[in-house]
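A.B. asks: coordinates for the following, if possible.
(one chain, ligands or ions: 1)
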Amino acid sequence: MPAERSEAMSRAALHRSLGDCILMGVPQRITEVTALLAAMLAPRAPLTVIVDGGDPGAAAVFAAKLAAAFPASSRAWNIDAVLGLTGPGADGFDSALNVLEPATDQILVYLRGGPRNRFAAGDGENRAQVVIDHRDPEWPVIRHVHPSLADPDRWYLSESRAFFAARAANWDVKFGDDLPAYAKAVQDSGVRPGDVVLDVGCGTGRALPALAGAVGPAGRVLGLDFTPDMLIEAGRVGRDSAAALIVADARRLPVADGVADVIFAAGLVNHLPDPAAGLAELARATRGGGRLALFHPIGRAALATRHGRMLRPDEPLGEARLGPLLAGAGWVLTSYEDGDNRFLALATRL
Ligand SMILES: C[S@@+](CC[C@H](N)C(=O)[O-])C[C@H]1O[C@@H](n2cnc3c(N)ncnc32)[C@H](O)[C@@H]1O
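C.D. replies: Predicted coordinates:
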């Protein structure tokens with residue numbers, strides 16, 4: 001047997017056994033995510049997976065499991081070529097997508113790992129067709145799949161719930177200091193005694209006590225969220241006394257047309273796969289002349305820095321984009337504030 005051939009064969013055998021080793025004890029969550037990706041993306045083979053990040057070991061486990069989830073006939077797999085890839089960033093790891101262009105018909109899977117803010121200087125993530133949030137290597141979550149590859153209905157609900165479920169128990173520990181900002185935002189949203197208010201994407205219900213106080217005994221507050229763990233946490237800390245808590249998707253609210261006087265939505269719109277459709281559904285649930293408050297306790301620039309990403313002007317909450325988005329959905333933007341300390345956009349239902 002020619003020397004090169006036997007060397008290639010032993011390299012292949014080594015790769016197989018490395019693959020077996022790193023797949024032992026793989027968390028169930030990785031199995032779920034990779035199976036879902038393979039089910040959604042297999043018809044688009046061949047697949048190129050770019051693995052980069054500060055933790056090549058964990059990245060390798062994910063990458064190997066993803067490769068194994070695809071039928072052999074649809075894999076274009078070269079783990080060596082992508083592990084440990086460094087870009088032009090000064091401090092070691094950079095997004096592989098900042099230095100590589102995707103080949104025609106191939107799918108790039110961008111694996112986020114390692115220290116935060118690594119990608120703030122690059123635009124790699126925005127070019128990825130698939131984004132996996134891999135900050136917790138035991139709990140990877142699909143955060144983005146380009147709509148041309150898969151309908152969001154196939155992955156958005158289960159993956160967003162997985163993302164927030166893992167954070168529910170610690171949400172208030174982490175963000176509890178923001179409560180006065182919620183009270184002030186409710187005050188500035190023009191909620192009146194007797195109003196019916198929906199807090200859509202209410203999470204652990206940080207706005208609910210202030211909303212209940214503003215509507216008074218003649219009013220009514222509903223807290224809606226599609227992550228049951230968030231609502232369980234809201235109940236655990238007693239916020240179920242301020243509002244009825246309902247498991248519901250903001251894209252299909254379980255309420256009649258025109259029920260709400262005010263919709264309060266903190267940190268929701270950025271998580272909707274189709275913000276225009278989401279805002280239209282909020283409009284459907286609101287009476288003519290009713291109001292919408294889109295809030296976040298820190299501004300967009302500060303939030304982008306916290307998440308280690310670049311702020312893009314075409315994001316749904318950017319001022320240039322939000323006005324037209326709201327107008328197309330049945331709202332008129334009446335005030336827009338995006339400072340360091342809070343984001344608050346108010347709109348009125350046409
Ligand atoms: C960033 S958190 C904000 C939670 C809460 N409003 C707060 O300010 O603390 C976003 C929340 O929106 C929920 N969410 C995201 N997309 C949703 C959807 N389509 N329908 C209902 N809830 C959604 C998540 O489960 C999560 O609780």
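A.B. asks: okay, now the unreliable bits of the stretch 151-300 of the chain?
C.D. replies: Along the stretch 151-300 of the chain, the model assigns pLDDT under 70 to no residue.
A.B. asks: quick check: domain ranges of the protein?
C.D. replies: As assigned by automatic domain parsing, the chain contains the domains 3-166, 175-349.
A.B. asks: what's the closest non-adjacent residue to residue 159?
C.D. replies: residue 142 (4.4 Å; C-beta to C-beta, 6 or more residues apart in numbering). Just so you know, the C-beta spots here come from the backbone N, C-alpha and C atoms, and that holds for glycine as well.
A.B. asks: can you tell me the helix or strand for the one you found?
C.D. replies: Per DSSP states H and E, residue 142 falls inside strand 141-145.
A.B. asks: over to residue 192?
C.D. replies: For residue 192, there is no enclosing helix or strand under DSSP H and E.
A.B. asks: then residue 294?
C.D. replies: Using DSSP H and E, residue 294 maps to strand 286-296.
A.B. asks: how far does stretch 148-161 sit from its chain's centre?
C.D. replies: From the chain centre to the centre of stretch 148-161 is a distance of 11 Å (C-alpha atoms, centre = their mean, to the nearest Å).
A.B. asks: so the closest residue to the ligand within the chain: helix, strand or coil?
C.D. replies: Among all residues of the chain, residue 203 sits closest to the ligand, at 2.5 Å; criterion: C-beta to the nearest ligand atom. Taken by DSSP: H, G, I helix; E, B strand; the rest coil, the conformation at residue 203 corresponds to coil.
A.B. asks: ok, now how distant is the nearest residue to it once chain neighbours are set aside from residue 36?
C.D. replies: Excluding its sequence neighbours, the residue lying closest to residue 203 (C-beta to C-beta, 6+ apart) is residue 230, at 4.7 Å. For residue 230, the distance to residue 36 (C-beta to C-beta, to the nearest Å) stands at 22 Å.
A.B. asks: returning to that earlier point: so who does the residue nearest to residue 159 touch?
C.D. replies: 33, 36, 37, 130, 131, 132, 133, 155, 159 (C-beta atoms under 8 Å, 6 or more residues apart in numbering).
A.B. asks: list the buried ones in the helix or strand containing residue 62?
C.D. replies: Applying DSSP H and E as the criterion places residue 62 in helix 56-69. By 16 or more other C-beta atoms under 10 Å, the buried positions in helix 56-69 come out as 56, 58-69.
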